[in-house]
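*Asks:* just coords:
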């Protein structure tokens, strides 16, 4: 009986930890979408500071993103597909591509290169879609 209780406590603790990481993961993705939505009008207004700041925020999230996908966090209130863990190296590559695209956009904005911004923003958006197609329900 005692071993059953210990097992039950461990299962509940693991579920709680996964729920926390899933909640944090969702919050970070929501912040990421907010950044993307702030960049679009900033490009129209020539607001290089906002573009750079929000692109840096996206790059920061992309760098940390894999930490928010520990094994077992595909269960619960999540749209993460099991293919993430089955194709972990590809998931890491897609996260890195997202980070690199965001860094490029931030650098272009910081340099005031407004002509290159639409292409860089398009490339960044593509990295989001590339990952979502395979790894999100």
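*Replies:* Sure, I can see it. On a predicted model such as this, the values are computed, not experimentally measured, just so you know.
*Asks:* residue 40 and residue 28, how far apart?
*Replies:* Between residue 40 and residue 28 the distance, using C-beta to C-beta, to the nearest Å, works out to 20 Å. No exception for glycine: its C-beta is placed from N, CA and C like everyone else's.
*Asks:* so for these two, which sits in the more crowded spot?
*Replies:* residue 28 (17 against 13; other C-beta atoms under 10 Å).
*Asks:* what's the helix or strand for the more buried one?
*Replies:* Element membership for residue 28, per DSSP states H and E: helix 2-45.
*Asks:* I'd like the next helix or strand past that helix.
*Replies:* Following helix 2-45 in sequence order, the next helix or strand is helix 48-64 (DSSP H and E).
*Asks:* which strands and helices sit next to that following helix?
*Replies:* helix 2-45, helix 88-110, helix 117-135 (3 or more C-beta pairs under 8 Å, 6 or more residues apart in numbering; DSSP states H and E).
*Asks:* same question for the helix or strand that that helix is followed by, mean pLDDT?
*Replies:* Next in sequence after helix 48-64, counting helices and strands by DSSP H and E, comes helix 83-86. Helix 83-86 shows a mean pLDDT of 98 in the predicted model.
*Asks:* buried ones in helix 83-86, by neighbour count?
*Replies:* 84-85 (16 or more other C-beta atoms under 10 Å).
*Asks:* and that helix, what does it pack against?
*Replies:* By 3+ C-beta pairs under 8 Å, 6+ apart, helix 83-86 packs against helix 117-135.
*Asks:* tabulate the helices and strands packed on helix 48-64 in TSV, adding columns for distance to residue 76.
*Replies:* Below are these laid out as TSV (distance: least, C-beta to C-beta, whole Å):
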stretch	distance to residue 76
helix 2-45	6
helix 88-110	19
helix 117-135	16
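*Asks:* nearest to residue 75, of those helices?
*Replies:* helix 2-45 (6.4 Å; C-beta to C-beta).
*Asks:* and the pLDDT at residue 3?
*Replies:* Residue 3 carries a pLDDT value of 55.
*Asks:* I should have written residue 19 there, sorry.
*Replies:* If you check residue 19, the pLDDT there is 75.
*Asks:* gap between the residue lying closest to it once chain neighbours are set aside and residue 67?
*Replies:* Distances taken as C-beta to C-beta, 6 or more residues apart in numbering place residue 76 nearest to residue 19, at 5.7 Å, with adjacent residues excluded. According to C-beta to C-beta, residue 76 stands 17 Å off from residue 67.
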